[in-house]
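Novice: just a sequence and a predicted model for now, questions to come.
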Amino acid sequence: MTDATVTAPQKLKFWDAAFYTLAVGTGIRWIAVAAAVGPSSLPMWALALVTFFVPLSVATLELTARFDDEGGIYSWARGTLGPLAGFICGWFYWTNLLPYFAGILYFLSGLVLSALGGDPKDTLLYMSISFGLTVLVTAVQIAGLKYGKWVPNIGMASGWLVLGVIVLVAIVIGGRGQSATNFLHSSYVPVFNFDTAILWGTIVFAFCGVEGVAFLRNEIEGGMHTIARVLLIAGISSVCIYILGTMAFLVILPSSELSRLGGFADALRVGLSHVGLGRFAPFVILLFALSMLGGFAANFVMGTRLLFTAGIDSYLPASFARRNPKTGAPVYAILMQSALTLMIVVLSQAGSSVAGAYDFMVAMGVLTIVIPYVFMFIGYLKIQNWPALPAAWTPPGGRRASFVLGWVGLISTLVAIVCTLIPNSSEPHPLAAFIKIVLAALAMLAMGLALYWLADRRRKVVVALVQPAE
């Protein structure tokens, strides 16, 4: 326990914390997924903002104020629902990060190949680039927050530049009367089919992550006051990024020509060509790759903090609870997460195409990330019956508003889980696809329960050994 607090990591200032939260809470690659459904995705972004992001942000503020350690959503579930629920919540939250990391590495590798003109079907190149990016992020994180914070910062700055380019290109194309989508005569009512179902799950997934600011609760200058301002900035920025980006994409390309894996790069290339700037497409795509790298690095921090906290709670060996005395980085947690990420990259590719591996990782990522929010919102509803904290922040309307927001967030999360399990209409074996995802989730649950049982048994043995004889 003493090793865990040898060195206090460098404090993050407001904009460092804001860029970190935006990096984990926004993913502009999801714009292409929404645009592929058409203009009906626009009201869904707004609906998700109200029914998921707002409850998530309010719950994050109240729970962060009540629980002052670095465990984030894991600590909240443990403190409100008990050790087993806390461990399973944290286990799903962390295991979701592994397919998410692998998926984002594949997406990043595709962007790099697109920018450099490489073969998009070369799996060896995909894996080589993925390995290189993982090693880079690992090295920067081991160097500590003093250096590690710059990857999310640069990533978010790059993302805003890319979004600005997309919006400006769309304005030029729209001004010429060449919009690929007729917004006046389009339907904005979502059709109840697979595309809409998976879009809702993806949109909820796109708004996930802002609770990650709690993992750095004790490393942010200004404490809860800064965190509240950061969440406000994240909310405004997220809705602008997603709605403006989706509209811009639909101006540049019709929804029928956008794909999940390559849609973003395609839209950039086509849009810049329309305005006579096609030669700059590789540079803009590389900027987009930098923004994705920033998101990867920020989420990597969340994962290592979970391993670090699990080490403190003795669910993992004590080495995971140690920080480097010079940099404050949890080195063992970082190395473990890096190794497991690379393992998932290799395993997900086995016997599958690049697109097939990517789709499975996205489906698994969406399913496993939303499950912890069920624990979180149930725990949040539970604390409404606890005594209020003196001078703690509460939403307008007080406890009654918190109770309503908790239920709205919980229902949105449950709907997202159901939507994630609906097989693709083009899937030749829909039942097999459904069973594959469910079995993978159940396998993760079984592994988590086994680890909890082993850790709990080990703790009881230790207690029995040190307890004085009666």
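Specialist: Thanks, I have it.
Novice: which helix or strand contains the closest residue to Ile233 other than its chain neighbours?
Specialist: Residue nearest to Ile233 in three dimensions, not counting chain neighbours: Ala18, with 5.1 Å by CB to CB, 6 or more residues apart in numbering. C-beta: built from backbone N, CA, C; applies to glycine. Counting by DSSP states H and E, the element that carries Ala18 is helix 14-25.
Novice: quick one on the thing from earlier: hmm, Leu232 and the residue nearest to Ile233 touching each other?
Specialist: No: assessed by CB atoms under 8 Å, Ala18 is found out of contact with Leu232, at 9.6 Å.
Novice: burial measure for the residue nearest to Ile233, as a count.
Specialist: Residues near Ala18, counting by other CB atoms under 10 Å, number 22.
Novice: who touches it in this structure?
Specialist: By CB atoms under 8 Å, 6 or more residues apart in numbering, the residues touching Ala18 are Arg229, Val230, Ile233, Ala234.
Novice: and the pLDDT at the last one?
Specialist: To tie it back to what came earlier, the one meant is Ala234. Reading off the per-residue confidence, Ala234 sits at a pLDDT of 85.
Novice: what's near enough to touch Pro387?
Specialist: Taking CB under 8 Å, 6+ apart as the definition, Pro387 has no contacts.
Novice: ok so it is a helix residue?
Specialist: No: following the definition DSSP: H, G, I helix; E, B strand; the rest coil, Pro387 is coil and is not counted among the residues of a helix.
Novice: state the distance from it to Arg399.
Specialist: Using CB to CB, to the nearest Å, we find Pro387 at a distance of 11 Å from Arg399.
Novice: the helix or strand Ala228 falls within to helix 14-25, inter-axis angle?
Specialist: Counting by DSSP H and E, the secondary-structure element that holds Ala228 is helix 223-252. Counting by axes from the mean of the first three to the mean of the last three CA atoms, to 10 degrees, helix 223-252 lies at 50 degrees to helix 14-25.
Novice: buried residues, helix 223-252. List them.
Specialist: 224, 226-228, 230-231, 233-235, 237-239, 241-252 (16 or more other CB atoms under 10 Å).
Novice: also stretch 143-156?
Specialist: Of the residues in stretch 143-156, those buried under the neighbour-count criterion (16+ other CB under 10 Å) are Gly144, Leu145, Gly148, Lys149, Trp150, Val151, Pro152, Asn153, Ile154, Gly155, Met156.
Novice: OK, contacts around the last one?
Specialist: What it means is Met156. Under the criterion of CB under 8 Å, 6+ apart, the contact partners of Met156 comprise Phe19, Leu22, Ala23, Ser291, Gly294.
Novice: would it count as being in a helix?
Specialist: Yes: membership of Met156 in a helix is supported by three-state DSSP.
Novice: how close does it get to Phe308?
Specialist: According to CB to CB, Met156 and Phe308 sit 24 Å apart.
Novice: likewise the fifth one?
Specialist: Between Trp150 and Phe308 the computed distance is 21 Å (CB to CB).
Novice: just the fourth one next, same as before
Specialist: For Lys149, the distance to Phe308 under the criterion CB to CB works out to 17 Å.
Novice: ok so, going back, which two of the contacts of Ala18 have the greatest separation?
Specialist: When these are compared pair by pair using CB to CB, the farthest-apart members prove to be Arg229 and Ala234, with a separation of 9.7 Å.
Novice: coming back round to it: from Asp68, how far out is the residue nearest to Ile233?
Specialist: Taking CB to CB as the criterion, Ala18 is separated from Asp68 by 21 Å.
Novice: chain center to stretch 210-229: distance?
Specialist: Per CA atoms, centre = their mean, to the nearest Å, the displacement of stretch 210-229 from the mean C-alpha position of its chain is 17 Å.
Novice: which residue comes closest to Val167 once chain neighbours are left out?
Specialist: When the adjacent residues along the chain are set aside, Val167 lies closest to Ala248, with 5.0 Å between them (CB to CB, 6+ apart).
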